[in-house]
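J.: Build me a model:
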Amino acid sequence: MKLLKSSFWLHSIFYTLLQRFSLFFFGAVSFMILVRGFGKQDHGVETYGVWAIYLTTLSLFETIKQGLLRNPTIKFLGSSEYTDKKKEVQTSALILNIFCSILAILLFTAGGRFLAEILKSVELIPMLTWSVLFVVLLIPYNHYEVLLQAHYQFPQIFWAYFVRQGIFFVGVILLSFVWPAYLSLTNLVLLQIGALFVGSVILFVATKPYRLRGFHYDGKTMRAMFHFGKYIFGTNVFSNIARSFDHYITASLLAPEVGKRFVSYYNTVGRINNMVDVPSLAAADVLFPKNVESVETDGLAKVKYYFERMTGTIMAIIVPISLVIFIFPKLIITILAPTLMDAVPILQLTILFSLVRPLGFQFGNTLDAIGKPQINFYVSVCLMLVNLATTSFGLYHFGGPGAAYGTIVYNVISAIVILAVLKKYVHIEVKNIWVYMMQAYRDLFGFARKKLLRTSGS
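T.: The predicted structure follows:
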């Protein structure tokens, strides 16, 4: 515990890993319970498909907005140019936050019916109406979370997420086992809103030393953050939509019942991929503010080192996990969702090619940190179009499983493009990622060997 508190990297990544793992754990177990709970109802698989589309839509909005707020706010708070304008930076971030939320409310209310018709899921209409409360509560939640992240206060962020997800998890258990008659899509939405409210209160208390006192508007700072953030906003929109194409295009191109069923399959596979992504996302959360600091003090060489070292270490973790999932896909699906065994071939097809995802998570944050958000934006737009084309082509020619074939092609193209761009702007060397990956295994085996020797010696 003393070592954990003394090391920035150990302390920060420990709590971000806990946060990401708790998100995965509560999400995965809630998913298992809901699949079984809805499975007892008529058209249960299709109903869960609607919940998956709704959850993907809300998660998409939250991720996009959080990314828009996080990167510009942390970048400007960490910049020497804005040392004396931290209050103005906070005010500008809050205004951007409110503006994005108003746009989302308009989309979900005025465009909710249109969206539901496109996705052939009319059940979405009342759910999107209730989600207005969710969007409003996200304003303080996201603002406080970014403030804590900018000040490296990762333990407080972990507890807010833990309590928020824990409340939803307990609610799912009660609705599924104690009051199954009340297990409905609308009640799940209301439960989600209540959990977010409690999480916002926790973050409000935690940010007391850093919170804005008064309103400090500065037009120049606002414009600078907007021009920096507009690329990040676009990047988050396109990259996150691209990751969700298998849900949306499957629902819109296939017949309603078939589409909802395959959305359930892809949602199951997506949750397994989310588990594999936990180390990558935790590293990205810590690495971005550290890269912003490094650009100011040490230059690109340090950023290059952090990228190669962190990516190599992450690959060392997820390669064996992906291999186990590839070899035993039936076991994994049986544990998570035994009623969705048709997802097995989709999981096996996509899991190995998802190894390129760590590159994607580190890629965007690295370019934003070095002041190249426009390059990140252009690459994201191009890759989204590639994903749209490959997913659509696969579905048209191969039916439901076609989105998986498209995802494989997209991941291969993504890896090539991302590495080429990083080589140009950060001088990344692929061989160094491999070297650090092997070094991680050597360090792990060396550590285990020392422990075994000490145990046998005692």
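J.: okay, CA-based contacts and neighbour counts for the rest of this
T.: Noted.
J.: In three-state terms, how would M341 be classified?
T.: Here M341 is recorded as helix under DSSP: H, G, I helix; E, B strand; the rest coil.
J.: which ones are touching the closest residue to it other than its chain neighbours?
T.: With sequence-adjacent residues excluded and distances taken as C-alpha to C-alpha, 6 or more residues apart in numbering, M341 is closest to I333, at 6.3 Å. Residues near I333 by C-alpha atoms under 8 Å, 6 or more residues apart in numbering: L340, M341, A343, V344.
J.: ditto for F31
T.: Residues in contact with F31 (C-alpha under 8 Å, 6+ apart) are L336.
J.: Now the one helix or strand it maps to: buried residues?
T.: Assigned by DSSP states H and E, F31 belongs to helix 8-39. Buried positions in helix 8-39, judged by neighbour count with 16 or more other C-alpha atoms under 10 Å: 11-28, 30-39.
J.: Same check on stretch 431-445?
T.: Under the neighbour-count criterion of 16+ other C-alpha under 10 Å, stretch 431-445 has N432, I433, W434, Y436, M437, M438, Q439, A440 buried.
J.: Contacts for that stretch next, please.
T.: Applying C-alpha under 8 Å, 6+ apart, the set of residues contacting stretch 431-445 from outside is E308, R309, T311, G312, T313, I314, M315, A316.
J.: hmm, 10 Å instead?
T.: Around stretch 431-445, the neighbours that count as contacts under C-alpha atoms under 10 Å, 6 or more residues apart in numbering are 305, 307-317, 319, 446-449, 451.
J.: returning to that earlier point: how near is the residue nearest to M341 to A301?
T.: Separation of I333 from A301 (C-alpha to C-alpha, to the nearest Å): 43 Å.
J.: With V269 instead?
T.: According to C-alpha to C-alpha, V269 stands 37 Å off from A301.
J.: So for the two, which sits in the more crowded spot?
T.: Counting neighbours by other C-alpha atoms under 10 Å for V269 and for A301 shows that V269 has the greater number, 20 against 13.
J.: any idea whether the more buried one is helix, strand or coil?
T.: Assigned by three-state DSSP, the conformation of V269 is helix.
J.: Would you check that my belief about it contacting F326 is correct?
T.: No - V269 sits out of contact with F326 when judged by C-alpha atoms under 10 Å, with a separation of 11.8 Å.
J.: what sits in contact with each of the two?
T.: V344, P345, L347, Q348, T350, I351.
J.: The residue nearest to the fourth one when sequence neighbours are not counted: which element?
T.: Looking back up the chat, that one is Q348. Spatial nearest neighbour of Q348, chain neighbours left out: F326 (5.2 Å); criterion: C-alpha to C-alpha, 6+ apart. Using DSSP H and E, F326 sits within helix 300-327.
J.: likewise F215?
T.: Under DSSP H and E, no helix or strand contains F215.
J.: what's around it, how many residues?
T.: Neighbour count for F215, taken as other C-alpha under 10 Å: 12.
J.: Likewise for A110?
T.: Per other C-alpha under 10 Å, the neighbour tally for A110 reads 12.
J.: just N187 next, same as before
T.: Each residue near N187 was counted by other C-alpha under 10 Å, and the total is 15.
J.: Likewise for L58?
T.: Neighbour count for L58, taken as other C-alpha under 10 Å: 17.
J.: next one: A181
T.: If we define neighbours as other C-alpha under 10 Å, then A181 has 10 of them.
J.: before we move on, what about Y306?
T.: 18.
J.: can you check N142 too?
T.: N142: 21 neighbours (other C-alpha under 10 Å).
J.: now E81
T.: 9.
J.: So R213: helix, strand or coil?
T.: Following three-state DSSP, the label given to R213 is coil.
J.: so it touches T207, yeah?
T.: No - the pair R213 / T207 is not scored as a contact, 11.7 Å apart, by C-alpha under 10 Å.
J.: So those two - more neighbours on which side?
T.: Using other C-alpha under 10 Å as the criterion, R213 and T207 rank with T207 on top: 19 against 10.
J.: Check which residues of stretch 318-331 are buried.
T.: In terms of neighbour count (16+ other C-alpha under 10 Å), stretch 318-331 has its buried residues at I318, S322, I325, F326, P329, K330.
J.: list the contacts for the closest residue to the fifth one other than its chain neighbours?
T.: Once its chain neighbours are removed from consideration, P329 has its nearest residue in V344; the separation is 5.8 Å (C-alpha to C-alpha, 6+ apart). For V344, the contacting residues are Y265, T268, V269, F326, F328, P329, K330, L331, I332, I333, T334, taking C-alpha under 10 Å, 6+ apart as the criterion.
J.: so which strand or helix has V344?
T.: helix 344-351.
J.: Now tell me which helix or strand of the protein has the poorest mean pLDDT.
T.: Every helix and strand of the chain was ranked by mean pLDDT, DSSP states H and E. The lowest is helix 2-6, at a mean of 42.
J.: How much space separates the residue nearest the centre of the chain from G371?
T.: In the chain, the residue lying closest to the centroid (C-alpha atoms, centre = their mean) is T63, at 6.2 Å. For T63, the distance to G371 equals 21 Å [C-alpha to C-alpha].
J.: before we move on, what about N187?
T.: From N187 over to G371 (counting by C-alpha to C-alpha), the distance is 43 Å.
J.: Then T91?
T.: Using C-alpha to C-alpha, T91 is found at 21 Å from G371.
J.: Check L119 too.
T.: Relative to G371, and taking C-alpha to C-alpha, L119 is found at 37 Å.
J.: Can you point out the helix or strand that includes E145?
T.: E145 is part of helix 124-150 when elements are defined by DSSP H and E.
J.: just V386 next, same as before
T.: V386 is part of helix 373-398 when elements are defined by DSSP H and E.
J.: in that helix, what counts as buried?
T.: Buried residues in helix 373-398 (16+ other C-alpha under 10 Å): 373-377, 379-381, 383-384, 386-388, 390-395.
J.: Can you redo the contacts of V344 as a markdown table, where the extra columns are pLDDT and distance to N365?
T.: Formatted as a markdown table, the contacts of V344 follow (pLDDT from 0 to 100; distance: C-alpha to C-alpha, whole Å):
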| residue | pLDDT | distance to N365 |
| --- | --- | --- |
| Y265 | 79 | 30 |
| T268 | 78 | 27 |
| V269 | 80 | 25 |
| F326 | 88 | 29 |
| F328 | 89 | 33 |
| P329 | 86 | 32 |
| K330 | 88 | 35 |
| L331 | 88 | 35 |
| I332 | 85 | 31 |
| I333 | 84 | 32 |
| T334 | 85 | 36 |
